[in-house]
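K.L.:
Okay, here's the prediction I keep looking at, along with the sequence it came from:
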Amino acid sequence: MAASPAAVAVGVAAALLSISSFAPQMVKIWKQRDASSVSLRTCLITVAGFTCWTLYGVLIGAWPVVASNLACLAMSSGVLVMKWRFDRKAS
């Protein structure tokens, strides 16, 4: 059963918003070289969640779910890497 154009539009919008939601945080951390205000636990849980969603998409063969969650995983992993790199509390 094919998805309606409205469902596809909502899905695309949701994916783009989810993916781009990490960009402001990444830019802020990169410019300030400071990630001390970012929660490590939240980053780890977010990365774990997107990993699970990606695996779920693979298991059910839903490639739009896989693609969007892989992109979100990449962005959230970028925040996590910068958290480890620029966390002033760790120094």
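P.N.:
Received, thanks. Numbering: from 1, shown residues only.
K.L.:
Other residues contacting the helix or strand hosting residue 13?
P.N.:
Using DSSP states H and E, residue 13 maps to helix 5-20. The contact list for helix 5-20, computed with Cβ atoms under 8 Å, 6 or more residues apart in numbering, reads 3, 64, 67-68, 71-72, 75. Quick note: C-beta positions are derived from backbone N, CA and C, even for glycine.
K.L.:
so of those residues, which ones are in helices?
P.N.:
Of the contacts of helix 5-20, the ones assigned to helices by DSSP state H are 64, 67-68, 71-72, 75.
K.L.:
Can you give me the buried ones in stretch 41-55?
P.N.:
Buried residues in stretch 41-55, counting neighbours by 16 or more other Cβ atoms under 10 Å, are found at 43, 46-47, 50-51, 53-54.
K.L.:
sorry, back to before: run the chain-centre distance for the helix holding residue 13.
P.N.:
14 Å (Cα atoms, centre = their mean, to the nearest Å).
K.L.:
Next SSE downstream of it?
P.N.:
By DSSP H and E, the next helix or strand past helix 5-20 is helix 23-32.
K.L.:
number of nearby residues for residue 19?
P.N.:
For residue 19, the neighbour count with other Cβ atoms under 10 Å is 19.
K.L.:
now the ones in helices among the contacts of helix 5-20 in a markdown table, with distance to residue 58, neighbour count and pLDDT?
P.N.:
Below are the ones in helices among the contacts of helix 5-20 laid out as a markdown table (distance: Cβ to Cβ, whole Å; neighbours: other Cβ atoms under 10 Å; pLDDT from 0 to 100):
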| residue | distance to residue 58 | neighbour count | pLDDT |
| --- | --- | --- | --- |
| 64 | 12 | 13 | 91 |
| 67 | 11 | 14 | 95 |
| 68 | 13 | 22 | 95 |
| 71 | 15 | 18 | 96 |
| 72 | 15 | 23 | 96 |
| 75 | 19 | 21 | 96 |
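K.L.:
Great, nothing more from me.
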